[in-house]
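A.B. asks: Take a look and give me a structure for this.
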Amino acid sequence: MTLPVDIVLASASPRRRELLERIGIRFTVVPSHVPEEELTGESPEQHVLRLSRDKALEVASRRDVAGRWFIGSDTIVLRDDTILGKPANVEEAAAMLHSLSGREHRVLSGFAVHDRQTGLTLDDVVSTKVRFKELTAMEIAGYIATGEPMDKAGAYAIQGIGVFMVLGIEGSYTNVVGMPLCEVVAVLERLGAVSLFENPV
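C.D. replies: Take a look at the predicted model:
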């Protein structure tokens with residue numbers, strides 16, 4: 001595959017970085033300064049899409065940042081119509097996990113790829129259904145004690161210890177991790193940023 005040097009990931013998320021690295025894409029990381037706040041009257045889909053675009057465009061607007069293609073992304077856990085962000089403390093993490101126990105929720109990820117050269121921005125939202133098993137109080141307390149839930153939306157990480165809670169998913173796995181890789185790569189290919197398997201043997 002072609003290894004570009006002009007791709008910038010506008011995110012400090014180690015999970016998004018690992019996803020791109022896993023398929024051999026070369027890029028730099030420049031975290032955005034966009035506040036992740038909800039706006040009144042905004043749907044969850046509009047929320048993640050706006051933040052993804054804002055992140056990509058904010059970093060692309062910096063004159064001191066080199067690059068052509070800028071990737072922004074935002075992920076939320078949605079229980080019914082309630083957005084579950086990162087828990088502020090142990091009590092909040094426990095409450096989130098209790099509320100997800102034995103039921104289905106959705107993970108929404110928005111993403112945007114901005115081409116600084118052409119001014120074109122392509123974006124989309126991907127939704128994945130996740131079903132949890134019934135959790136015991138001991139399992140919730142034990143999982144929180146690992147520290148893993150504390151910096152994760154919805155208080156769990158499907159790519160980590162939290163996978164023990166997941167009975168099944170419907171949709172993109174990488175979307176739950178933090179970025180829908182299949183869709184993002186398709187947009188990067190469409191914009192000419194990458195060419196996977198350009199010269200197969």
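
A.B. asks: any chance you could map the strands in this structure?
C.D. replies: Along the chain, counting by DSSP state E, strands occupy 7-9, 28-29, 69-79, 82-84, 104-115, 121-132, 166-170.

A.B. asks: Determine which of these approaches Thr146 most closely.
C.D. replies: Between Thr146 and these, the shortest gap by CB to CB is with strand 166-170, which sits at 15.7 Å. Placement of C-beta: from N, CA and C, glycine included.

A.B. asks: which residues touch that closest one?
C.D. replies: For strand 166-170, contacts defined as CB atoms under 8 Å, 6 or more residues apart in numbering pick out 128-133, 158, 176.

A.B. asks: sorry, back to before: output the strands of the chain in CSV, with distance to Glu189 appended to each entry.
C.D. replies: Converted to CSV, the strands of the chain look like this (distance: least, CB to CB, whole Å):
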stretch, distance to Glu189
strand 7-9, 12
strand 28-29, 19
strand 69-79, 11
strand 82-84, 31
strand 104-115, 10
strand 121-132, 11
strand 166-170, 25
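
A.B. asks: export the ones you listed to TSV and tack on mean neighbour count and mean pLDDT?
C.D. replies: Formatted as TSV, the strands of the chain follow (neighbours: other CB atoms under 10 Å; pLDDT from 0 to 100):
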stretch	mean neighbour count	mean pLDDT
strand 7-9	24	97
strand 28-29	14	96
strand 69-79	24	96
strand 82-84	16	91
strand 104-115	23	97
strand 121-132	18	98
strand 166-170	13	97
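
A.B. asks: nearest to Ala94, of those strands?
C.D. replies: Of all the strands of the chain, the one in closest proximity to Ala94, counting by CB to CB, is strand 82-84 (12.6 Å).

A.B. asks: show me the residues around Asp115 that make contact.
C.D. replies: For Asp115, the set of contacting residues under the criterion of CB under 8 Å, 6+ apart consists of 68-69, 121, 191, 193.
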